[in-house]
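[1] have a look at this fold, sequence not included:
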């Protein structure tokens, strides 16, 4: 009887898949339903499957593990082996992180892809110096202006409580007379509900995530820029993997980047339709507002190039050549 029991137990153990040998926590700043987070989860699932369970990546959405501005540091120090950042959040550290939020430099998906090709080598070099790898990046849809009132010219923004989440958006607030208030994505719904902010520039995706129609009334499709999220990886954690698992991570990252770009473009129009269906006035900017934004873009581009120095000039030159 005991022998049969031992044999049955052994058979069961042999039939059970091996537990993951390595487990990585992946902090993310956006809700589980956001397409960036959905893409991360698909990446994590694919890595686990393709590695035969050797590597398990656990996605922690909604800034539940680290707040958005803390994720890069967490990956750099090894507190988290891998994490997703909004690249432009770190423009204060180095201007090159903010090139994709320079207004009207790249305002379409093809232009954003060209800009990423120019920016990526520079970011990879900076990440390597900090013990990290840039695994892949996925864009947000083109950015527009959300407001609680009609905005037909930049002077209409004077005095508005404007959500800022990086240096570029803070500078826009300063130049238009709005009041910049630092709010990360996970805090936006509450900030809107309490009246802490009444305007901001972001994508249709952020508007849908935060159900902005409950507080705001207008969306102007300015298509100012397409910011990107990037997945960073701690190099020491990567180096601990066997060669086969390393190849899996890199291969699935390339697939996740391609899928993420395609999904962002596919969903872009649908987000604006959702805003409109929920009562928001979705419209292009007035000719005056569009012209003023372009002039503002020129000023901010010149400021950015002055700050970014040789690295910034190299990125913009490479972008313009492609």
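    Received it, and whenever you're ready, just let me know what you need. Everything numeric here is computed off the predicted structure, so don't read it as measured data.

[2] for the rest of this, base every contact and every neighbour count on C-alpha atoms.
    Will do.

[3] okay, now residue 66: neighbour count?
    The number of residues packed around residue 66, counting by other C-alpha atoms under 10 Å, is 21.

[4] and it, how far from residue 130?
    In this view, residue 66 and residue 130 are 19 Å apart by C-alpha to C-alpha, to the nearest Å.

[5] and for residue 220?
    Remark: distance between residue 220 and residue 130 (C-alpha to C-alpha) = 39 Å.

[6] now do residue 162
    According to C-alpha to C-alpha, residue 162 and residue 130 sit 33 Å apart.

[7] more neighbours, these two?
    Between residue 162 and residue 130, counting by other C-alpha under 10 Å, residue 162 is the more crowded of the two (28 against 15).

[8] name the element the residue nearest in space to the middle of the chain belongs to?
    Centrality entry for the chain: nearest residue to the mean C-alpha point is residue 229, 2.6 Å, by C-alpha atoms, centre = their mean. Counting by DSSP states H and E, the element that carries residue 229 is strand 228-234.

[9] for that strand, name the packing helices and strands.
    helix 71-77, strand 82-86, strand 132-139 (3 or more C-alpha pairs under 8 Å, 6 or more residues apart in numbering; DSSP states H and E).

[10] can you give me the angle that strand makes with strand 132-139?
    160 degrees (axes from the mean of the first three to the mean of the last three C-alpha atoms, to 10 degrees).

[11] neighbouring strands - and their directions - for strand 228-234?
    strand 82-86 (antiparallel), strand 132-139 (antiparallel) (DSSP bridges).

[12] got a list of contacts for it?
    For strand 228-234, contacts defined as C-alpha atoms under 8 Å, 6 or more residues apart in numbering pick out 36, 72, 75-76, 78, 80-88, 100, 131-140.

[13] can you do 6 Å?
    Defining contact as C-alpha atoms under 6 Å, 6 or more residues apart in numbering, one finds that strand 228-234 is touched by 75, 81-87, 132-140.

[14] could you do stretch 100-112 as well?
    Contact partners of stretch 100-112, identified using C-alpha under 6 Å, 6+ apart, comprise 223-225, 227, 297, 301.

[15] repeat that with 8 Å
    88, 115, 139, 141-142, 168, 223-228, 265, 294, 296-298, 300-301, 304.

[16] those helices in the stretch 151-300 of the chain, which residues are they?
    167-176, 188-193, 204-209, 235-239, 243-277, 287-321 (DSSP state H, counting those that start in this stretch).

[17] hmm, I was thinking of the stretch 1-150 of the chain
    With DSSP H, counting those that start in this stretch, the ranges of helices along the stretch 1-150 of the chain come out as 2-15, 35-50, 71-77, 109-129.

[18] which secondary structure elements does the shortest one sit against?
    Going back to what we said before, that points to helix 71-77. Helix 71-77 is packed against strand 82-86, strand 228-234, with contacts defined by 3+ C-alpha pairs under 8 Å, 6+ apart.

[19] output those as TSV; include the columns distance to residue 30 and mean pLDDT.
    Shown next, in TSV, are those (distance: least, C-alpha to C-alpha, whole Å; pLDDT from 0 to 100):
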stretch	distance to residue 30	mean pLDDT
strand 82-86	9	98
strand 228-234	10	98
